[in-house]
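Visitor: Following is a predicted model, sequence given first.
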Amino acid sequence: MCLGIPGKIIDIYEGYGLRMGKIDFEGVTREVCLAYVPEAKLGDYAIIHVGFALSLLSEAEAQETLAMLRQISDFEIEPSLPE
Amino acid sequence: MKYLTEYRDADLVKKTAAEIARIQTRPWIIMEICGGQTHAIMRYGLDQILPPQIELVHGPGCPVCVTSLEIVDRALAIASFPDVIFTSFGDMLRVPGSTGDLFSVRATGGDIRVVYSPLDAVKIAQLYPHKQIVFFAIGFETTAPANAMSVLQAQALGLTNFSILASHVRVPPAISAILSSSDNRVQGFLAAGHVCTVMGYWEYISLAEYFSTPIVVTGFEPLDILNGILHTVRQLEQERCEVENAYPRAVTKEGNLPAQQVIRQVFQECDRNWRGIGTIPKSGWRLRPEYSQFDAENRFSVTDIQTIESPLCIAGKILQGIKKPFECSAFAGECTPENPLGATMVSSEGTCSAYYRYRIREINNG
Amino acid sequence: MDDQTPSLQGAAQGATCPLPLPHNDRIVMGHGSGGKMTHDLIKNVILPAFKSTTPYLGDDGAVIYLPDLPTPPQRIVISTDSHVVTPLFFPGGDIGRLAVCGTVNDVAMMGATPLYMTAGFILEEGLEISILIQIARSMQSAAEEAGIRIVAGDTKVVQKGRADGLYINTAGFGVLYDMQEINGSCARPGDKIILSGTIGDHGIAVLSARGELGFAADIKSDVAPLNHLVGTMLSASRQIHVLRDPTRGGLATTLNEIAQQSQVSITINETAIPIHSAVQSACEMFGFDPLYIANEGKLIAFVSAIEANKILDAMHSTIYGKEAVIIGEVVNEKAPGRVLLRTSIGTHRVIDVLSGEMLPRIC
């Protein structure tokens, strides 16, 4: 239910009576349905699941999450090897 | 890859794990209900980097694993009809029914095709007007908008040869069922990020309150998962039980409203039998009566379904986090990925399959 | 014979045995009959494509003379393979190139010098002969690149609907000049593992060409003959213990096979494994693991640690080895047969063999 990956919208057009787009996944491109992200513009990034864009990615929120985690103190932890 | 690689940063991952260890004072049991999260935990070995007193249990988050045996048997029966092209997501091909799987139907002449998107199934229906195209519409809420759109598309195109075998499941009733169980050990939940991308997380607020259990919306990359666990452990340590969003770049509280509207238009709530667990009330979606001509269960009369579940399979207990795969007598013996007895051994992120592939040698070697 | 009486021969032909139409554009069942049509197909279509200078004798086998060598070969290596890929043509190659390179590589991975191969065609009724010519020419081009000759073959035709266009079965023949052992059971603790380049290119290129998943990828199959690369490596060092090309089942399956055969334990580093971004993206989209995807122009080598850098340097000077890297090593551990991956975040997971078909997932 969860395999959704980010892709960049590089083309938007009407197809099959639906709002469709071409998504660039860095070396791979695919046609995707944009019906559920009517606000999407060229250059936006979206989460794509089974050929549908489910939401646009917020750059601001993405940066905030990373910034918050970077502020955590520097305490090293060593992962344990399996037995 | 943008929005992916940053969340796999080794240093940040280790820092976050260290912070979890720093704030944790007691053992905690946290469940994730999402096959994708199970997969990520296994793939990155995240449990190795967590403090040993944080136990991660893998809930019934893999739609492949929880699709009822009866529906799988129905799928096998429909796929065996001549003139049917049976289309499905790849995950479902190896799920064992009572007497075989879709692979075995293909081996005896069934036309079974893997599709990536439900719209591809609609295209196949247009290409083969003299065949009946059936699409196996399984999934959680994440996949429902796509599956619903395939029905609307078929309707808009006036197709009379397309139908779906629908078996959708919903997360909130599953959480409720798990937390209500007398065996329950789970103290905190990671909510599935992409389910919440569609549905938002407002549905979880009453659950968190009623069961006094923190629920944190979590993504899928290693950093996202550890961040979700960090939020959950913080809440547990502070005795809070709220819904928090640790995946804000893709999830909002209200979710995707156009998608929810289409789901409501095409589907209606129903009781759903979760394989291995039993019937959970109002935990599923089925096609509304006005779309019944696209319902494969109406179109194909399939009677005499005799479901036979392996008596050895304890997938239900595993899906509820009550037992681990290596506690099953059949694990890695009669039940392997090549000869799965239950769905949790089939799906690549089914708990048993993940334990088999990533762990079994360790267990064998002590 | 007077004019009123048609010749018996003519009548017989007209009534019961019409002269067969010259089927010049598509394969028909007659091409597989073993009679004149088969011979004509071989003589007029296949052999010219293979640039064969030897007269077509029509014998069951080819007699070949081993080249004059300063050191007589001690052993011969024989391999066999069948090629059933669809589609027949894909970015970076075709079934013909695949057949030749696969055969050459099987022999080369034993440390042997490939010299000759056979090609048995199973052709589907209706196949355009122009396609057969194109494939045969591609085979010849690959054979020339590898420096081998295609010397014997067979042709069969099956009814329409079977054989996906065509299948090719091959056998390869090579020679080993000395007693050096290079095979899957020779890996030793301490050996470094070298991978000659990016993984997953072939599998993803073919998948995108098939069209079922509806994506376009900026990637070509890596299909290539690796015998010259192997020759360069062996000239640089004798301390090469195992060579193998990770074809079906990918790198993970091949490492497991060697770990089992040699009864050793292997650790590889995820961050060391080169993956083309298009392959990475396709795997992310469909839930594939690049470790299990087929390669047709890559090799792995288990070599002595002290010689590893020297071998790597030699590889970097070749076309098909210029991206070679060390990806791991054979460790001294109590878990023989186990392959462990050190992930990008420093944890470890066991890498098992591929189980069944790899399918795209939604979860």
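Guide: It's in. Since we're looking at a predicted model, the values are computed, not measured.

Visitor: Next up, identify which helix or strand the most centrally placed residue in chain C is on.
Guide: The centre of chain C sits closest to C:G102, judged by Cα atoms, centre = their mean, with a distance of 1.7 Å. Using DSSP states H and E, C:G102 sits in helix C:95-108.

Visitor: gap between A:L66 and B:I305?
Guide: From A:L66 over to B:I305 the distance is 51 Å, taken as Cβ to Cβ, to the nearest Å. Any C-beta I mention is one placed from the backbone N, CA and C, and that applies to glycine too.

Visitor: List the buried residues in the longest strand anywhere in chain A.
Guide: Criterion DSSP state E: the longest strand present in chain A is strand A:5-15. Burial within strand A:5-15, assessed by neighbour count using 16 or more other Cβ atoms under 10 Å in any protein chain shown, is assigned to A:I5, A:P6, A:G7, A:K8, A:I9.

Visitor: distance of the fourth one from chain B?
Guide: Meaning A:K8. 8 Å (Cβ to the nearest Cβ, to the nearest Å).

Visitor: That residue reaches A:G27, doesn't it?
Guide: No. Between A:K8 and A:G27 there is no contact under Cβ atoms under 8 Å: 11.8 Å.

Visitor: What is the burial count for B:I308?
Guide: 10 (other Cβ atoms under 10 Å in any protein chain shown).

Visitor: Helices along chain A, start to end?
Guide: Assigned by DSSP state H, the helices in chain A fall at A:59-70.

Visitor: buried stuff in the least confident helix or strand in it by mean pLDDT?
Guide: Here the helix or strand of chain A ranked lowest by mean pLDDT, DSSP states H and E is helix A:59-70, holding a mean of 91. For helix A:59-70, the neighbour count (16+ other Cβ under 10 Å) marks A:E61, A:A62, A:T65, A:L66, A:L69 as buried.

Visitor: swap in stretch B:112-123?
Guide: For stretch B:112-123, the neighbour count (16+ other Cβ under 10 Å) marks B:I112, B:V114, B:V115, B:Y116, B:S117, B:P118, B:L119, B:D120, B:A121, B:V122, B:K123 as buried.

Visitor: now do stretch B:333-347
Guide: Those would be B:C335, B:T336, B:P337, B:P340, B:L341, B:G342, B:A343, B:T344, B:M345, B:V346, B:S347, for stretch B:333-347 by 16+ other Cβ under 10 Å.

Visitor: Give me the lowest-pLDDT entry from the residues you listed.
Guide: In terms of pLDDT, the weakest of those is B:S347, which scores 67.

Visitor: okay, now C:A252: neighbour count?
Guide: 22.

Visitor: for the stretch 1-150 of chain C, what spans make up the helices?
Guide: C:8-16, C:36-41, C:47-49, C:95-108, C:129-146 (DSSP state H, counting those that start in this stretch).

Visitor: pLDDT below threshold where in chain A?
Guide: In the predicted model of chain A, residues A:1, A:73-83 satisfy pLDDT under 70.

Visitor: Which stretches in the stretch 151-300 of chain C count as helices?
Guide: C:201-210, C:227-236, C:250-262, C:277-286.

Visitor: so can I have a markdown table of these showing distance to B:L179 and mean pLDDT?
Guide: Compiled in a markdown table, the helices of the stretch 151-300 of chain C are given as follows (distance: least, Cβ to Cβ, whole Å; pLDDT from 0 to 100):
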| stretch | distance to B:L179 | mean pLDDT |
| --- | --- | --- |
| helix C:201-210 | 42 | 96 |
| helix C:227-236 | 59 | 96 |
| helix C:250-262 | 39 | 94 |
| helix C:277-286 | 33 | 95 |
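
Visitor: among the ones you listed, which is nearest chain A?
Guide: Each of those has some distance to chain A by Cβ to the nearest Cβ; the shortest is helix C:277-286, at 2.9 Å.

Visitor: same for that closest one, what does it pack against?
Guide: strand A:28-33, helix C:201-210, strand C:215-217 (3 or more Cβ pairs under 8 Å, 6 or more residues apart in numbering or on different chains; DSSP states H and E).

Visitor: Count the residues that sit near the residue of the stretch 1-150 of chain C found nearest chain B.
Guide: Residue nearest to chain B within the stretch 1-150 of chain C (Cβ to the nearest Cβ): C:T86, separated by 14.2 Å. Per other Cβ under 10 Å, the neighbour tally for C:T86 reads 12.

Visitor: Do I have it right that it meets C:D164?
Guide: Yes. Contact criterion Cβ under 8 Å: C:T86 and C:D164 qualify, at 4.9 Å.

Visitor: Point out the most buried one among the helices of the stretch 1-150 of chain C.
Guide: Sort these by mean neighbour count, taking mean count of other Cβ atoms under 10 Å in any protein chain shown, and helix C:95-108 sits at the top with a mean of 28.

Visitor: can I get the CA coordinates of that one in CSV?
Guide: The C-alpha coordinates for helix C:95-108 follow below in CSV (Å, rounded to 0.1, in the frame of the first residue of the first chain):
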residue,chain,number,x,y,z
ILE,C,95,19.1,-11.9,-28.8
GLY,C,96,21.9,-12.6,-31.3
ARG,C,97,24.5,-10.5,-29.5
LEU,C,98,23.2,-12.0,-26.2
ALA,C,99,23.7,-15.5,-27.5
VAL,C,100,27.3,-15.0,-28.6
CYS,C,101,28.4,-12.9,-25.6
GLY,C,102,26.7,-15.3,-23.1
THR,C,103,28.5,-18.2,-24.7
VAL,C,104,31.9,-16.5,-24.9
ASN,C,105,31.5,-15.4,-21.3
ASP,C,106,30.6,-18.8,-20.0
VAL,C,107,33.9,-20.1,-21.4
ALA,C,108,35.9,-17.1,-20.3
